[in-house]
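Visitor: Fold the stuff below for me.
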Amino acid sequence: MKKSWKLNRRTFLRGTGVTLGLPLLDCMSKGWASAAEEKKLPRRLACMFFPNGVSLPREDDPHYEDWHWFPHGEGRDFRFTKILESLEPLRKQLSILGGLSHPGARTKPGHTVSDVFLTGAKIGASEFSNSISIDQMFAQHVGRHTRLHSLQLSTTGGVGVTGRPHTLSYTKDGQAIHAEDNLRRAFTQMFGSSAESDAAVRETVSRRKSMLDLVLDSSRSLNSRLGKQDQAKLEEYLSSVRETERRVERTEQWLDIPKAKVDPASLMLDANRERPLDYIRAMYDLMLLAFQTDTTRVATYMIGTEGGNNITDFFPNALGLDTHHRLSHNRANSTDGFKLWGMWDQFLTQQFAYFLQKLKDTPEGEGNLLDRTLVFYGCSTSNTHNARNYPLILAGGGDFGLKHGHYRKFDENKCRLSDLFVTMLNTLGVETRRFADSTSEISEVTTS
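Guide: Numbering: from 1, shown residues only. Take a look at the predicted model:
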């Protein structure tokens, strides 16, 4: 019998604070949607970072059983401690990873290596030149399909400085990409629209194009009069200008395409950094909506900045705890030092679990957003100043062949974090043989 009607994926949902293209419902996917339409379901990548390491009491410490970040046991036979227990309902959708790190950062102070968390670049003794981050490597392949090439979020905003970055994302030339810390501004960038604001955007795009053209034209005549060293410096600068030019061109291409309609009242856009719970969850909600509306397929969120004396260092105060940096340093100076530190780790895990559960609860095709989103979460230090044995979680990507439900321990002499990045990129459909200092893939995460 021929069906008399058929839902189109462009059909809109309304009444829930958001207007979205429908996910692939059963009535579309079971015999009614073509194989080609199924293949159009996007792959996504989300990466999150938290600073200052985690609570790792020794086995002879009374807090080892409950307040050690890594689980007890190994393989499938592992037990979450109180720190990660909020992930128990998602156990089959994630893997805990131990033993991985970047060899080029292992001998450096832990507070100074977050620049390379997603890049794997080697940190030199005197000079440091970063390289492309894994999120931007993926964005090079999928960014053209979405309004935003990628989304960079950060609690502290901007790019920061070497050793204390405020962003996780770096271009192919190793240039830091600005991260947004203002919830309402990030929302407006993705979903805000009005005749007045659209006209302002068009004017800004036109002005920037003219300025970029002028810079590039002037550089051609200047280049011929410079020595080799200055030519190299100019080329590095122009590479950044060309990257800006590409972003301006992308913005122009999307000016006439309507943005997804999302009710701003459906998010806590007025949450501020004095309310960490609301603020962090609102950031995660923005990432979810960005994926759900296919506004972007690549997102990073730097939850905090390494060291002390920054706004994120005071987040634990909201729980009645000391500052994050002092918690990490005072772990052995009091009877409950590791427990107090672990309580903050527990809080961060609860927010991460919130994000994963929201992805899992959002249907897409015959599965959900978590099935088609690879989520990477962790820190570039174990104990505060130790840049080895990173606490890492890899979640989602069930539709890409990821096999979860394990606590996997790796030998740092045989495996490095960049090996995992190669596996992640190949899993996301980006054929990759090498990334930074990688030597192989880590096939364990794709096998039972």
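Visitor: Spatially nearest residue to residue 151, not counting backbone neighbours?
Guide: Nearest non-adjacent residue to residue 151, counting by C-beta to C-beta, 6 or more residues apart in numbering: residue 299, 4.2 Å away. Yep, even glycine has a C-beta here, placed from its N, CA and C like the rest.
Visitor: Please confirm that the one you found is located within a strand.
Guide: Yes. Checked against DSSP: H, G, I helix; E, B strand; the rest coil, residue 299 lies within a strand.
Visitor: how long is stretch 91-111 end to end?
Guide: 30 Å (C-alpha to C-alpha, to the nearest Å).
Visitor: And it, what's buried?
Guide: Buried residues in stretch 91-111, defined by neighbour count with 16 or more other C-beta atoms under 10 Å: 91, 93-106, 108, 110-111.
Visitor: From those residues, which land in helices?
Guide: Taking DSSP state H, every one of these sits outside helices.
Visitor: Now do the helices in the stretch 51-200 of the chain.
Guide: 64-67, 134-142, 183-191, 195-223 (DSSP state H, counting those that start in this stretch).
Visitor: per-residue confidence averaged over the longest one?
Guide: The one in question is helix 195-223. Averaging the model's pLDDT scores along helix 195-223 yields 58.
Visitor: which helices and strands does whatever helix or strand residue 290 lives in pack with?
Guide: Using DSSP states H and E, residue 290 sits within helix 276-292. The helices and strands touching helix 276-292, judged by 3 or more C-beta pairs under 8 Å, 6 or more residues apart in numbering; DSSP states H and E, are strand 18-21, strand 44-49, strand 151-154, helix 183-191, strand 298-302, helix 337-360.
Visitor: about what we covered before: mind listing which of the buried residues of stretch 91-111 are in strands?
Guide: 94, 95, 96, 97, 98 (DSSP state E).
Visitor: give the contact list for residue 285.
Guide: Neighbour list for residue 285: 267, 268, 358 [criterion: C-beta atoms under 8 Å, 6 or more residues apart in numbering].
Visitor: do the same with residue 322
Guide: Counting by C-beta under 8 Å, 6+ apart, residue 322 touches 316, 330, 340.
Visitor: Surely the second one touches residue 337?
Guide: I take that to be residue 330. Yes. Between residue 330 and residue 337 a contact is recorded at 5.5 Å, counting by C-beta atoms under 8 Å.
Visitor: and these two? which has more neighbours close in?
Guide: Neighbour totals were compared for residue 330 and residue 337, and residue 337 leads with 21 against 15 (other C-beta atoms under 10 Å).
Visitor: if I look at the more buried one, how far off is residue 51?
Guide: Counting by C-beta to C-beta, to the nearest Å, the gap from residue 337 to residue 51 is 18 Å.
Visitor: Could you do residue 410 as well?
Guide: Distance from residue 410 to residue 51, by C-beta to C-beta: 22 Å.
Visitor: Look at the two and report which has more neighbours.
Guide: Between residue 410 and residue 51, counting by other C-beta under 10 Å, residue 51 is the more crowded of the two (26 against 20).
Visitor: Quick check, pLDDT for that one.
Guide: 96.
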